[in-house]
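# Kindly generate the corresponding structure for this input.
(2 chains)
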Amino acid sequence: MNRFLTKDFLAGLMFVGFGGLAYIAAFTDLSRYFGQSKLALGTAVRMGPGYVPQMLAFIMMALGAIIAITALVTSSERIEGGKWKPIVMITLGVVAFGVLLDPGNVPAIVSWFASGLPRWENPVSGLLPALVALVFLSASGGDEFKWRETAIMCAVLTVICFVIFKWGLSMNIAMLTGVW
Amino acid sequence: MDILNNLAIGFGTAVTLQNLLYCLIGCLVGTLIGVLPGIGPVATIAMLLPLTFKLPPEAALIMLAGIYYGAAYGGSTTAILVNLPGEASSVVTALDGYKMAQNGRAGAALSISAIGSFFAGTVGTLLIVLFAKPLTEMAQKFGPSEYCSLMALGLVAAVVLASGSVIKAIAMVFLGLMIGLVGTDVNTGAQRFTFNIPELSDGIDFAPIAMGLFGIAEIIANLEKRSTRTVEQTVITSLWPTREEVRQAWPAVLRGTGIGSILGVLPGGGPTLSAFSAYTLEKKLSKTPQMFGKGAVAGVASPESANNAASQTSFIPMLTLGIPSNAVMALMVGAMIIQGIQPGPEVMTKKPELFWGMIASMWIGNLMLVIINLPLIGIWVKLLTVPYRFLYPSILLFCCIGAYSLQNSTFHVMTVAIFGVIGYIFLKLGCEGAPFLLGLVLGPQMEEYFRRAMLLSRGDATVFVTRPLSAGLLAVTVLLLILMALPALRKKREEAFQEDS
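Numbering: from 1, shown residues only, chains lettered A, B, ... in the order given. Below you'll find the model as predicted:
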């Protein structure tokens, strides 16, 4: 198994995967799901929207295959294991920020994946809740997390954001939707 | 006389109160992020891009440029004083700079690096002035097939000169080109890879992608490493170098400037490669190579001049041909497009005040940086004592707000999150983000030129090799690829990147 868990082999697979996905997305009839039909290839003189994507998809799959096979034949560096906490907590933090910033965001995000859900709004939204969620989630992704310290950091960042974005740049962004 | 005339236009634009102010802001922000490890110019410029929408194009580009070359200055300060290079381009400076500081020559190292950088910046700016006109005139003869070949050359050269695996980097370029296709096809109006998401019909914005790849992914990687930083304050006694130090420094500054200016123009060259090469050269030429790593003055002067000269001259291909040579330049191209300016040879003739104003501002900015850096050094070092656990949530927050304010849409915040994860995977798999970003920014234009060239030639693909200019550019591209495939050269290249790192 070890020879498959190398940086280069997996990178090769990733490129083949991206190329393949792009090919499938471009040249299968997805109108049932996304209302997007197949891209027309066209000719070399009058290229359709699918000409260049097809070319790129093939090149990517070929390059990916070369990288993966080379990695198997020659030796390649083993992939290093990671920690789950930083990646999960930081991604969650950024997503939470996006969800909490605007009142109507929950359905918008859900509808990318499944359409036709009933409309539902955040009860609490605005820069303040979004900021608190982001700072707390991301801070807990680190090794030294302290409640009190993080709370103070939230307060300081709120003041900074208010001064820079509301006063300084007069951005149209609510601290707490409907309240402030 | 033409040059003087143009410079007059440039300084006329750059020395207005507003533009001076934005130049200063850019330099300050650049120095700040240069001092702070864990955030680089790419993520910062992407983050601040939305703030420049309301500014006039001159002010916007002057500020963004200031961030770029300011970061090179700031990075060296911390490299010398606390052995923590804020940017990759200052890694080699830390070798001898920190040793000089330990020997009690911190002040001398700082002033040599600042003055060397200023000299190199001045030469770099002058080179832009000299080369701008001929290169622009050449570019005006270009048709779509030449442009397409030129972009291919730019992308390949960027890959060859960057560190890491060449074939992986090329695959990353293609991945970038592919992501660049997302959106409405300009020729037919067809929706490509949009999956019925209305926000995607204009294409994926490059700024949130850059924030994700270079900001978020970097933070995640830093948190995994769990580095504990202990900052020892070095006492700066006198900023004046001794006569002996000056004697050792000035030839190194000259050589560093030369190397930096040349490597900066080449796609993929940029400040980091220049600093490494300059250090290696200096060590080879030195009569006392054993002094390197123990506080050699030349080991500070040369890479510092080189990285600054390179940051200046890497503007040349971007300003004259519209071809970015590194990730920061790719963002600058994006910033120009947002301002409604199509980067390329027309910028100089159609927008002389923007073109020359930006160049003049770079020289003024370099002057400002010497002033910002030397007397205010204490403040910058103080900033280093801020622990990373306070720093990274703030960086994340500003990234998120920046992404949101692009179009007042949280869609971009989600894009940042997604590309943060993708960037983390890239890091784990040893794939570099810079070639991806270059492909992404050049993708739509390249497809456009490719299709136009094929239309004009009635579907005959040989047009790329029958037109002499285009054939020449492609020949260089192929030559570069062949050279890279040669085992002997590949080994040399790997050595060059591993030297002292």
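# I'd say B:Gln191 and B:Thr184 touch.
Yes: shown here, B:Gln191 and B:Thr184 form a contact pair, counting by CB atoms under 8 Å, at 6.0 Å. Every C-beta, even on glycine, is put in place using the N, C-alpha and C of the backbone.
# got any residues that touch both of the two?
Listed contacts common to B:Gln191 and B:Thr184 are B:Ser201; contacts here mean CB atoms under 8 Å, 6 or more residues apart in numbering or on different chains.
# Show me what stretch B:245-252 is in contact with.
B:105, B:108, B:112, B:116, B:241, B:282, B:296-298, B:300-302, B:305.
# Which members of those are classed as buried?
Buried by 16 or more other CB atoms under 10 Å in any protein chain shown: B:105, B:108, B:112, B:116, B:241, B:282, B:296-298, B:300-302, B:305, out of those.
# Get me the contact residues on the stretch 351-500 of chain B for chain A.
Counting by CB under 8 Å from any CB of the partner chain, the stretch 351-500 of chain B comes close to chain A at B:388-390, B:392-394, B:396-397, B:399-401, B:404-405, B:408, B:410-411, B:413-414, B:416-417, B:420-421, B:424-425, B:428-431, B:447, B:450-451, B:454-455, B:458-461.
# Please narrow those residues to those residing in strands.
Assigned to strands by DSSP state E, none of those qualify.
# Go ahead and build a PyMOL selection from the buried members of those residues.
The buried subset of these, as determined by 16+ other CB under 10 Å, is captured in PyMOL by this line:
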select buried, chain B and resi 388+389+392+393+394+396+397+399+400+401+404+405+410+411+413+414+416+417+420+421+424+428+429+430+431+447+450+451+454
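# I'd like the next helix or strand past the strand or helix carrying B:Gly256.
Using DSSP states H and E, B:Gly256 maps to helix B:243-265. From helix B:243-265 onward toward the C-terminus, using DSSP H and E, the following helix or strand is helix B:270-285.
# Kindly calculate the angle that that next one makes with helix B:243-265.
Helix B:270-285 runs at 130 degrees relative to helix B:243-265, counting by axes from the mean of the first three to the mean of the last three CA atoms, to 10 degrees.
# tell me what the helix or strand following helix B:270-285 is packed against?
Toward the C-terminal end, the helix or strand that comes next after helix B:270-285 (DSSP H and E) is helix B:298-313. Applying 3 or more CB pairs under 8 Å, 6 or more residues apart in numbering or on different chains; DSSP states H and E, one finds that helix B:298-313 contacts helix B:57-82, helix B:91-102, helix B:106-139, helix B:243-265, helix B:270-285.
# In CSV, list the C-alpha atoms belonging to the following helix or strand past helix B:298-313.
Downstream of helix B:298-313, the next assigned helix or strand under DSSP H and E is helix B:315-321. The C-alpha trace of helix B:315-321 is given here as CSV (Å, rounded to 0.1, in the frame of the first residue of the first chain):
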residue,chain,number,x,y,z
PHE,B,315,6.6,44.6,-13.4
ILE,B,316,8.1,44.9,-16.9
PRO,B,317,6.4,41.9,-18.6
MET,B,318,3.1,42.8,-16.8
LEU,B,319,3.1,46.4,-17.8
THR,B,320,4.3,46.1,-21.4
LEU,B,321,2.9,42.8,-22.5
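# just the helices and strands packed on helix B:298-313: most buried one?
Mean neighbour count (mean count of other CB atoms under 10 Å in any protein chain shown) peaks for helix B:57-82 among the helices and strands packed on helix B:298-313, with a mean of 28.
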